[in-house]
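K.L.:
any chance you can model this:
(2 chains)
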Amino acid sequence: MKSLSEIETTAKRASKAAGFSWGEAEEIGKCIRQLEMFNLPGIKHLNSYFIDKKKNTYENLSSINQSNSSSSNPYCPIILGISFLDQLKILENYEKIYISNIAYPIIFLSFLSRSSEIIGKKIKVKFEEKEILLNLNVNIYSNFLNIEFPNYSKNLEINFIENKDNFNEDEWNSLYKLSENTFVEETDSLKKGAAGAGLTDND
Amino acid sequence: MKVQLRDPNTIMKLSRLGSFHQSKLSFLRSFLNEFKDWEYKRDLFNLDRFGYGHAVYSFKKDKRTYSLICFANKIKDDERSDRVIATKWDAAFTLHDGVPTQKDIDRLKNEVPRQEVGRLSFKELTLSRANKSVRVFNHVVERLSEGKQPDLELLSNVGYLYRTTAVYGSGKFGLADRFRIKNREEINGPFRLEMMLVYLVRQFTFDQVNHVAHHKNPSKSVVLDRKICKNLGIGNSTGLGMAPFIVNHPTLLNNWVMSREIALKKIREIKIVKKKDSVLFIDCLKKSLTNITSWNTDSEYQQIKIKNLLKDIKKFMHFIDNNFDFEDEYPFNQIYLWLEDKACEECIEYVVSIMMEPYNEITNPLVSQMSSEEDKYFTIPTNRTTKDLINIIEKKYSNILKINFEKKQNTQNFWFISKNKEEPRLADRFKEGGSKLEQPLAIARDVKKLHKKLLDTKKNSTVAEFLSKNSELRHIVRRVFIVEKFPYSEIQDNTIGKNLMPIDMLRLKLSFFGALKFDPRSDKWLRICMFQGAPLPDELQNYDEQWVYRSSN
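P.N.:
Numbering: from 1, shown residues only, chains lettered A, B, ... in the order given. A predicted model of the protein is given here:
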């Protein structure tokens, strides 16, 4: 088994050899390491992309808007991913971002996963009926485990999920009430000796 | 009185970094301190009469066990090489996480002796190999088998029975990634398990030499005297492989140097020094002279440094004996100021290391701050502006900006990864091919390039906008934001100039390992000794903390 350190180093060096700058290669190494740690096929897709890249042309999208569409060639997932990371502070103001025509979306997902950690929000990604939840770069959850990841996505939708509770108030109150059964009623004499007792808070 | 931390523009120059010495913060000393109350055991010793076979040594505490598995092999004299291109060694080692089963040993027997071309698993933590100093090893076997102890002068000149030629960890060749072990309480300092491996290898070398001598002459042989064992360490040959590490791990480098600087600052700020502490300082200083006078090297470069060190140390001791009173206020600050004024860099850093000896309460908390969560600082803050970048560069790299990279001599060298052995190498840009595949280690040149580009761009924009048009500078933009937070993260010097002494970079790292007696064999590799004078494993529960300065070699 390859260690994650070997995966990161090799992905970085291969990316440099494939024509990316050292700084970009460093980003790619980190992302592929993360994908492999989540047991997703990072090495496999990066390798396929670099082989395809020799034969096909891919579009570099360096300025991302709310809606992005490449008319001819698919977007390069790496430049797209790095641009997404770099412009994150602006992009998070959009509720949803649409990208059509993107090659090797799993590579792009790894950049989105890091983005989720940086902004501290979960990110939901939808493409071709597939749904993926990127959870602060701690894990990646999807509804299509064990199904081959596609090499191409026609329409991809990114949704920043605002931080909010995953349960309703009734559920919380019910559980909280149960937790109160671990508390002990305090007597008046104990209350008098508690922190701040006997002082006026306006002195 | 508040003392300022020393200026990175002075401390992070290569000549200064190449003058660093071991100290209480060094990893081999903090390793011994951490593992002193662990149970040491030789679990298996399955060698034939010539010393070939395998052995297992362990450290155990509560439910945790670390086991060193040693494989000693017969090799021909012409196969023995310390160079990284070697494929066979006298012995090969791995540190296993837990107690190895017979199945583990069988698996490792096929992999560990092959080193870089073998495959390890997440159950192995570190990997190494070593060659005998044949002259010393055979001499010791001969003498012990005759019932005599070896010639101390010969041993003193060499200092070890074996020397390692590489120690690998952190995920190399399938070894466990650091993230798997980093939260263990006992792994609270860098390179701790690499140090454990080397330390246990040292014991193996003593056991092996005794074993071979005994089988050579069972009726007459004696074992190697414990005092002699203690004064032997493990040698190490280190080449350029180590140099890029300190460039590639800026926050880690910062935390090492910062810990040293904080320790020095706190010691200089002590107003009244207790008698016992000044006595210990002077005692270590005087006894350390043996380390200088027994420091043998053929390197003219190092001989000059040693000569100047010895001259300045004697001058310093004269000053302490005749013109100095430890009862004055802030005595260590006075000492430091005297050194800055009167002593060479080698001597300044030598005494700075010794100043730490009395102060466990200062150094111990710093040991746990010498690791780094590097990923936390990886993301570039792209919402910052190009003006911010210019300001940081002009503040943090002021000396670097003075270097003229138009001059050929300032870009003479380039770093590359050798195809043959996947190891870093340095070559002349104007004589050798391959500079197009240069590694991103020319930080000074690239910082200057970034600065010029930023000034040319004129318009103040976000870093994101700048990077979208200048992706080739991305790696250096990342570093600039790191140095903003970590003042000692960057070597403030040119790492590709004609006058570069790569061994300064090696020396810096090795001093933090705790190495002694740096012996440059060229400007690109050196030999050192580790654990010379250190307690033996069965003495760890109660050992002299200042053993480094009390070695008789």
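K.L.:
grab the nearest non-local neighbour of the residue in chain B that chain A sits nearest to.
P.N.:
Using CB to the nearest CB, the single residue of chain B nearest to chain A is B:Arg474, 2.2 Å away. The C-beta positions use only the backbone N, C-alpha and C, and glycine is treated the same way. Among residues not flanking B:Arg474 along the chain, A:Gly23 sits closest, at 2.2 Å (CB to CB, 6 or more residues apart in numbering or on different chains).
K.L.:
who touches that neighbour in this structure?
P.N.:
A:Gly23 sits next to B:467, B:471-478 when contact means CB atoms under 8 Å, 6 or more residues apart in numbering or on different chains.
K.L.:
kindly report the same for B:Ser128.
P.N.:
Per CB under 8 Å, 6+ apart, neighbours of B:Ser128: B:92-94, B:164, B:166-168, B:194, B:197-198, B:201.
K.L.:
A:Leu88 touches A:Ser116, doesn't it?
P.N.:
No - look at A:Leu88 against A:Ser116 with CB atoms under 8 Å: they stay out of range, at 9.8 Å.
K.L.:
what is the three-state secondary structure of the residue of chain B closest to chain A?
P.N.:
What DSSP: H, G, I helix; E, B strand; the rest coil gives for B:Arg474 is helix.
K.L.:
need the pLDDT of it.
P.N.:
pLDDT, B:Arg474: 98.
K.L.:
spatially central residue in chain A, please.
P.N.:
A:Ser113 (1.9 Å; CA atoms, centre = their mean).
K.L.:
how much space between that one and B:Lys182?
P.N.:
According to CB to CB, to the nearest Å, A:Ser113 and B:Lys182 sit 21 Å apart.
K.L.:
state the helix or strand in which the residue nearest to B:Arg474 lies.
P.N.:
Assignment of secondary structure by DSSP states H and E places A:Gly23 within helix A:22-37.
K.L.:
point out the residues in chain A that sit beside chain B.
P.N.:
A:1-6, A:13, A:20-24, A:26-27, A:30, A:62-63, A:82-83, A:85-89, A:114, A:118 (CB under 8 Å from any CB of the partner chain).
K.L.:
write out the residues of chain B neighbouring chain A.
P.N.:
For chain B, the contact set with chain A under CB under 8 Å from any CB comprises B:121-122, B:170-179, B:375, B:378-380, B:382-383, B:417, B:440, B:463-464, B:467-468, B:471-478.
K.L.:
filter those residues down to the buried ones, PyMOL style.
P.N.:
Applied in PyMOL, the following selects the buried portion of these according to 16 or more other CB atoms under 10 Å in any protein chain shown:
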select buried, chain B and resi 121+170+171+172+173+174+175+176+177+178+379+380+382+417+440+463+464+467+468+471+472+473+474+475+476+477+478
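K.L.:
of the residues of chain B next to chain A, which belong to helices?
P.N.:
Among those, the members found in helices (DSSP state H) are B:463-464, B:467-468, B:474-478.
K.L.:
could you list the buried residues of the lengthiest strand in chain A?
P.N.:
When chain A is parsed with DSSP state E, its longest strand is strand A:152-161. For strand A:152-161, the neighbour count (16+ other CB under 10 Å) marks A:153, A:156, A:158, A:160 as buried.
K.L.:
what about the residue nearest to B:Arg474, distance to A:Lys12?
P.N.:
10 Å.
K.L.:
what segments of chain A are strands?
P.N.:
Using DSSP E, strands in chain A cover A:67-69, A:96-103, A:122-127, A:130-135, A:139-142, A:152-161.
K.L.:
compare these and give me the one nearest B:Tyr160.
P.N.:
strand A:139-142 (48.3 Å; CB to CB).
K.L.:
counting by contacts, list what the closest one packs against.
P.N.:
Counting contacts by 3 or more CB pairs under 8 Å, 6 or more residues apart in numbering or on different chains; DSSP states H and E, strand A:139-142 is packed against strand A:130-135.
K.L.:
so what touches the strand it packs on?
P.N.:
Taking CB under 8 Å, 6+ apart as the rule, strand A:130-135 contacts A:109, A:112-113, A:115-116, A:122-126, A:140-144.
K.L.:
can you pull out the low-pLDDT segments for chain B?
P.N.:
Scanning chain B for pLDDT under 70 picks out B:84-85, B:551-553.
K.L.:
now the longest strand of chain A, how far from the centre of its chain.
P.N.:
Computed by CA atoms, centre = their mean, to the nearest Å, the chain-centroid distance of strand A:152-161 equals 12 Å.
K.L.:
repeat for stretch B:537-553
P.N.:
The answer for stretch B:537-553 is 19 Å, by CA atoms, centre = their mean.
K.L.:
just stretch B:356-366 next, same as before
P.N.:
Centre to centre, stretch against its chain (CA atoms, centre = their mean), the figure for stretch B:356-366 is 19 Å.
K.L.:
same question for stretch B:269-286.
P.N.:
Here stretch B:269-286 is found 27 Å from its chain centre; the criterion is CA atoms, centre = their mean.
K.L.:
about what we covered before: from the contacts of B:Ser128, which two are the most distant?
P.N.:
Across the contacts of B:Ser128, the longest distance by CB to CB is 15.0 Å; it joins B:Ala92 and B:Glu194.
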